[in-house]
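Trainee: Need the 3D shape of this:
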Amino acid sequence: MTARSVPLWSRVYGFGSVYAKTLRDSRLTFVIIAGLLGGIMFAAGSGVGSVYATPESRRDMARLATDLPTALVGLTGNPVNVGTIGGYMTWKYGPVFAWVASLWSIVALSATLAAEARRGSLEFVATTPLGRRRLALEKLAAHLTLMAGAMAILGLAAWGAGAAFGTLPGDPIPPQAAIGFALGVGLIALASGSVAFALAPFLGRAGAAGVAGFVLFAGYLLSGYQASVPAFAAIAHLTWFSWTANHLPLAGRYDWGSLLPVAGVAAALLAVGVEAFARRDLGASSSFRAPGLPRAVLGLRGPVGRAFGERLPASLAWGLGLGIFGLAIAAASRSLAIEFHKLSPSTIDVFRSVLPNFDITSAGGFLQLVFVQLGFIVVGFAAATLVAGWASDETSGRLEMLLSTPLARMPWAMSGGLGAYLAIAVMTIVLALSVGIGALLAGSDAVTPMAGSVTLGLYAAAVAGVGFAIGGLVRTSIAAEMVAVVVTLTFLVDLLAPALKVPDWVHQLALTAHLGQPMVGVWDLGGIAACLLLAAAGLALGGWGMQRRDVAR
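Mentor: Numbers count the residues shown, from 1 in each chain. The predicted model follows:
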């Protein structure tokens, strides 16, 4: 028998190697993370360039940053060169970039070996001549490749944001600064993920991810509050956030040497994880028991209930993640409103010219300014993950077993879609409650921004409908990726079209351009109707398409 050679492309992306298959399996996650990081960067740059367009408004912005209460300074960090686009993004959104990348790394590295070993899917691979150490190294190399790709996109987005939205001297972001920022975020993410990777063979996926998440957020808080709480300083100095506190490339401050210990810790812990996997029995761990779901939502009450129960944990996670951010933004509006009244008349005029229809000192107005644009891309990517869960029945082969029951193809597709819509509703409720609590803490109207949060859920349902239509009419294996692409393109069109002064019809192609200003009660009924139509028509087309094609084509 002649051994067949594996094409080079299959060894890089496909099924020709463990490395290639890991890359292929992670493509949706990569699109989502890269889109989030790049989208946040462009949104932040656009906001600074449009709202703070004069030297006087920049000086006011810098004064606002330095006069914030101590409680907020510990969360936002030390303001450096806040009067520039790069300095503002570093001060206000720098932690967000590190959290998004680190949480991705923690989830991926805690599961890449431990979860598959626990399921038994690695047992057959581990018996091949590959060997367990090589298996671990190839999976780790795939994650490092994806991380490098995401950081490259983040660096390009940082450079592009400075070039596209810079209006004053100091706004352009040089390539060196963009590379330095992306490198710092990537190394912090790898260090955080390496904690989970090293612990996963011993604690299992959930335990390792929990410990790594605690280290991530505790390290950030200890580093941020060590100046105001000296007792934290000794422990804070052991965290990579403290080591890299002076590495702020976008703000014009460099500390390349601080990245070396972060890289060293990441390399050491990743090596520990590889060796632990190679030397221990597969799946042998002392995992922590996580609380289970209530019996009422276990998903055993018909196809809709099953789909809803399977999507519920993801929808709660997305709702809580975005809701906590919305709560913090809404709650901060009180202190910012006080400072807003101290601004110069010209800066107030800029705000009123850019945002003429609502009061920036209210929680709803502040949410509309800094939260909604980011919220649309986050809920869009949440919809992509829910569509991926719906599609997994077919892509995993489980659908063939389900269709051996009296359940037909069209009812399966539509029942799974309804379950995903219910999960989106739960995510929206969690988000709205969080925003409402933040508004109440700020002493503002809570009903209006809570109602405005419904628009985010409608948009998520609309893009999910697009995914259901593509999955039914074409194939489910690309449905989630296409949702992520639609969300990214919509975000870019809505953000860049006005800034680049392209024809208005281009901007009108973005669905988010037709949703008004919901956080302050300005609704666009045409956009809401379009969201409902896309959700309903997409689900119907998906069900119709499923009954007209072969399963798992």
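Trainee: got a list of what W104 touches?
Mentor: T29, I33, A150, A189, G193 (Cβ atoms under 8 Å, 6 or more residues apart in numbering). C-beta here means a position set from N, CA and C on the backbone, and glycine is covered the same way.
Trainee: mind redoing it with 10 Å?
Mentor: 26, 29-30, 32-34, 36-37, 143, 146-147, 150, 189, 192-193 (Cβ atoms under 10 Å, 6 or more residues apart in numbering).
Trainee: Now, those residues that are in helices?
Mentor: Judged by DSSP state H, those include 29-30, 32-34, 36-37, 143, 146-147, 150, 189, 192-193 as members of helices.
Trainee: which of the residues you listed lies closest to V387?
Mentor: I32 (11.6 Å; Cβ to Cβ).
Trainee: which ones are touching Y88?
Mentor: 44-45, 47-49, 52, 58, 61-62, 65, 79, 81-82, 94, 171, 250-251.
Trainee: Those residues in helices, which ones?
Mentor: A44, G45, G47, V48, G49, R58, M61, A62, A65, G94.
Trainee: is it possible to export these to JSON lines including pLDDT and distance to L492?
Mentor: Output for the ones in helices among the contacts of Y88, formatted as JSON lines (pLDDT from 0 to 100; distance: Cβ to Cβ, whole Å):
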{"residue": "A44", "pLDDT": "77", "distance to L492": "14"}
{"residue": "G45", "pLDDT": "82", "distance to L492": "13"}
{"residue": "G47", "pLDDT": "72", "distance to L492": "15"}
{"residue": "V48", "pLDDT": "75", "distance to L492": "18"}
{"residue": "G49", "pLDDT": "69", "distance to L492": "16"}
{"residue": "R58", "pLDDT": "77", "distance to L492": "26"}
{"residue": "M61", "pLDDT": "72", "distance to L492": "25"}
{"residue": "A62", "pLDDT": "75", "distance to L492": "29"}
{"residue": "A65", "pLDDT": "69", "distance to L492": "28"}
{"residue": "G94", "pLDDT": "82", "distance to L492": "22"}
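Trainee: Could you dump these into JSON lines and include neighbour count and distance to V522?
Mentor: Below are the ones in helices among the contacts of Y88 laid out as JSON lines (neighbours: other Cβ atoms under 10 Å; distance: Cβ to Cβ, whole Å):
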{"residue": "A44", "neighbour count": "27", "distance to V522": "23"}
{"residue": "G45", "neighbour count": "28", "distance to V522": "25"}
{"residue": "G47", "neighbour count": "22", "distance to V522": "19"}
{"residue": "V48", "neighbour count": "29", "distance to V522": "23"}
{"residue": "G49", "neighbour count": "20", "distance to V522": "23"}
{"residue": "R58", "neighbour count": "23", "distance to V522": "28"}
{"residue": "M61", "neighbour count": "21", "distance to V522": "25"}
{"residue": "A62", "neighbour count": "20", "distance to V522": "31"}
{"residue": "A65", "neighbour count": "22", "distance to V522": "29"}
{"residue": "G94", "neighbour count": "21", "distance to V522": "31"}
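Trainee: any idea which of those residues is closest to Y459?
Mentor: G47 (19.6 Å).
Trainee: How much space separates the closest one from A439?
Mentor: 21 Å (Cβ to Cβ, to the nearest Å).
Trainee: L260: what's it in contact with?
Mentor: L187, W243.
Trainee: and it, what pLDDT?
Mentor: Listed pLDDT for L260 reads 95.
Trainee: Then the one 3 residues further on?
Mentor: Predicted confidence (pLDDT) at A263: the value is 95.
Trainee: Just to check, L137 is in contact with T22?
Mentor: No. Taking contacts as Cβ atoms under 10 Å, L137 lies outside contact range of T22: 11.2 Å.
Trainee: right, and out of the ones in helices among the contacts of Y88, which lies closest to A530?
Mentor: G47 (25.6 Å).
Trainee: so how far is G309 from the closest one?
Mentor: According to Cβ to Cβ, G47 and G309 sit 39 Å apart.
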